[in-house]
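Novice: Let's see this in three dimensions:
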Amino acid sequence: MVNKTKEVRIVPYDPAWKIAFESMRAELERHIGDLVLAIEHVGSTSVEGLGAKPILDIDVVMDSYEVFPAIVERLGKAGFRHEGNLGVEGREAFKRTYEDGFMAYHLYVCPKDGRGYLEHIAFRDYLRAHPAARERYQRLKEDLAAEFRYDRDTYCERKTGFVRGILNKTLYKD
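Specialist: Next up is the predicted model:
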């Protein structure tokens, strides 16, 4: 289903994103810190200098699915609803059931060896280390946002080739 209701808006990098993530990490650590290995800031807002949709992407990393029921229970008590994997194996989405005062974010719980998590980290780290790739990605996102302003699905689909190219250089290299 095409999501044409939300505008794709790329804004310049904002150092406040890092601060917002740290606040969200502290909130999550209060509830599940003893159950998880890490809480990672991923996605474009995690790459200094890269413009992005102003939405944090957060990967909570667990050792295995053995701890997942306890994570679901605790996050539920903290006001998060488990939404399933939303079609991506190895990544469980959660959404706050009330307005919590944090900037917009996507929250995922992933196993440490999960494809979604490993791809997020590989892509993030490559863009952090390669300014020319970061600039190319910035231009691509701006061009796609202008062309598909009200079609978030197509905007995302059209970035796939670039992302796959980076992952083939890093995570999936021979």
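
Novice: Excluding chain neighbours, what is closest to the spatially most central residue of the chain?
Specialist: Centroid check for the chain by CA atoms, centre = their mean gives Asp57 as the closest residue, at 2.8 Å. For Asp57, ignoring the flanking residues on the chain, the nearest one in space by CB to CB, 6 or more residues apart in numbering is Gly43 at 3.0 Å. Using the backbone N, CA and C atoms, a C-beta is placed for each residue, glycine as well.

Novice: quick one: contacts for the one you found?
Specialist: 52, 55-57, 106, 120, 124 (CB atoms under 8 Å, 6 or more residues apart in numbering).

Novice: Which of those fall in helices?
Specialist: 120, 124 (DSSP state H).

Novice: just checking, which of the contacts of Gly43 belong to strands?
Specialist: 56-57, 106 (DSSP state E).

Novice: need the contact list for Ile58.
Specialist: 21, 24-25, 28, 39-42, 105-108.

Novice: what's the answer for Ala133, then?
Specialist: 126-127, 166.

Novice: can I assume it sits in a helix?
Specialist: Yes. Counting by DSSP: H, G, I helix; E, B strand; the rest coil, Ala133 is part of a helix.

Novice: And it, how far from Lys169?
Specialist: 9 Å (CB to CB, to the nearest Å).
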